[in-house]
Structures are given as structure tokens and as C-alpha cells.
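In: Quick one, fold the following:
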Amino acid sequence: MTKSGFVKSWTIGLACVATAWVPASANDASSAPPVENARAILLANDTERTLEFMFTQLVPVMESGFIGQIGQIEGGADLLNNIQTKYPGGQAAFAKRFGELMMVRLRKEFPNIIEQAAQEYVAEIKTDDLAAIRAFMESSAGKSMIAAQPKIQAKLSMIGQEIGKKAGQDAAAQLIGEASKHLGNSK
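Out: Coordinates of the predicted model:
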């Protein structure tokens, strides 16, 4: 075999190997395995960012719950007093550290969560639809929608907080009114 024949054969072989490892693109999503399309949808939708946002919102609740749970165990009140007086920053810093450790642990689980989500997509969405969704998500219009989502989510979060605050105030006022029938005027 000549040098040029060897190079040509090697180049063709390399091209064959390389194409076997290239992930399916939007153009051939219809021929990709359904789970690959589901993973591509989750990747295109920046699911890790969504998980980060979701868990970051839950961490303060988890921190508070953790401190509350300590208070419920036998000897918990003494432990909380020791934490308050001896742990640098007291209970607030202790709770914050718990939240930091939780986030480290949760982030390690993101790939597992995404894989489970991909499996759910495959179970719930028809194969042809997964391919079409992937093609859209990887299209210019899909990328535009995905890019706009964080800003929209932030605005919706602020709207939700305002609505939640008002709903809480209204519910509290109604409950106090209802309770006054049973408890009498306790002003």
C-alpha cells in the first residue's frame, strides 16, 4: 500500500469512527434513540440551571426545618443553646452551613435527576414527538425561547411572591376573624 493509499484508508477509517461518536443533531433527531432525544431536550432546556434555581429557593426552608428538627429531638434544646453560644455565628451560621452542604450534595445528583427525567420523557412522550421537540429546542426559535426563560421566570417569581404575600395577609385576616368567634375578643 502506498503512503497516499494508507493515509486515505486511515482518513476514511477515522471519519467512520468519528461519525459514530457524534451525537445526533436536530437534523437526525428522528433517527436517534428516544432517550437520546430526551437527554438533548433536557440539555437544550438548561435543566441544570433550573435545578440550581429550584433547590436554591428551597435551601432556606430546609435550613429552618433542620434547626426545627434539632429542637424536637431529645436534648435538642440544649444542643441548640450550645450551637448558639459556641458555633461561630450561632444557629444562623449553623443552618447556613447545613444549606451549603445540602447544595453540594444536591448538585452531585443533578446528572442522576436529569437521567431520571429523560426516562420519564421517554415513558410519557411518543418517540416522534420527542424528535420533534428536540428539533424545536435546537432550532433558532427554540433557542430564543430558552434564552428568554430565566428573565421570564424571575419576573414570574416576583409576581408570585407579591400574590403570595397578599394571599397570606388575606388568609390571616379571615382566619383571625373566624377565630374571634371562638376565642372572643382578645385585643
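In: From residue 155, how far off is the spatially most central residue of the chain?
Out: In the chain, the centroid-proximal residue (C-alpha atoms, centre = their mean) is residue 51; its distance is 1.2 Å. Separation of residue 51 from residue 155 (C-beta to C-beta, to the nearest Å) stands at 20 Å. Bear in mind the C-beta positions are built from the backbone N, C-alpha and C, glycine included.
In: swap in residue 74?
Out: For residue 74, the distance to residue 155 - C-beta to C-beta - is 46 Å.
In: the more surrounded of the two?
Out: Neighbour count, other C-beta atoms under 10 Å: between residue 74 and residue 155, residue 155 has more, with 10 against 7.
In: Low-confidence regions, the protein specifically.
Out: 1-28, 185-187 (pLDDT under 70).
In: in it, which spans are helices?
Out: 3-21, 34-44, 47-72, 76-86, 90-108, 110-124, 127-137, 140-183 (DSSP state H).
In: Can you say which of those helices is packed in most?
Out: helix 34-44 (a mean of 21; mean count of other C-beta atoms under 10 Å).
In: Would you mind getting the angle between that helix and helix 47-72?
Out: Helix 34-44 runs at 80 degrees relative to helix 47-72, counting by axes from the mean of the first three to the mean of the last three C-alpha atoms, to 10 degrees.
In: List of residues touching helix 34-44?
Out: Residues external to helix 34-44 that are found in contact with it (C-beta atoms under 8 Å, 6 or more residues apart in numbering): 23-24, 29, 32, 114-115, 117-119, 121-122, 125, 127, 130-131, 133-134, 137-138, 142-143, 146.
In: Repeat that for stretch 148-155.
Out: Counting by C-beta under 8 Å, 6+ apart, 46, 49, 53 sit against stretch 148-155.
In: do you know how far the residue nearest to the first one when sequence neighbours are not counted is from residue 43?
Out: Take residue 46 and drop its neighbours on the chain: the residue closest to it by C-beta to C-beta, 6 or more residues apart in numbering is residue 146, 6.4 Å away. Remark: distance between residue 146 and residue 43 (C-beta to C-beta) = 10 Å.
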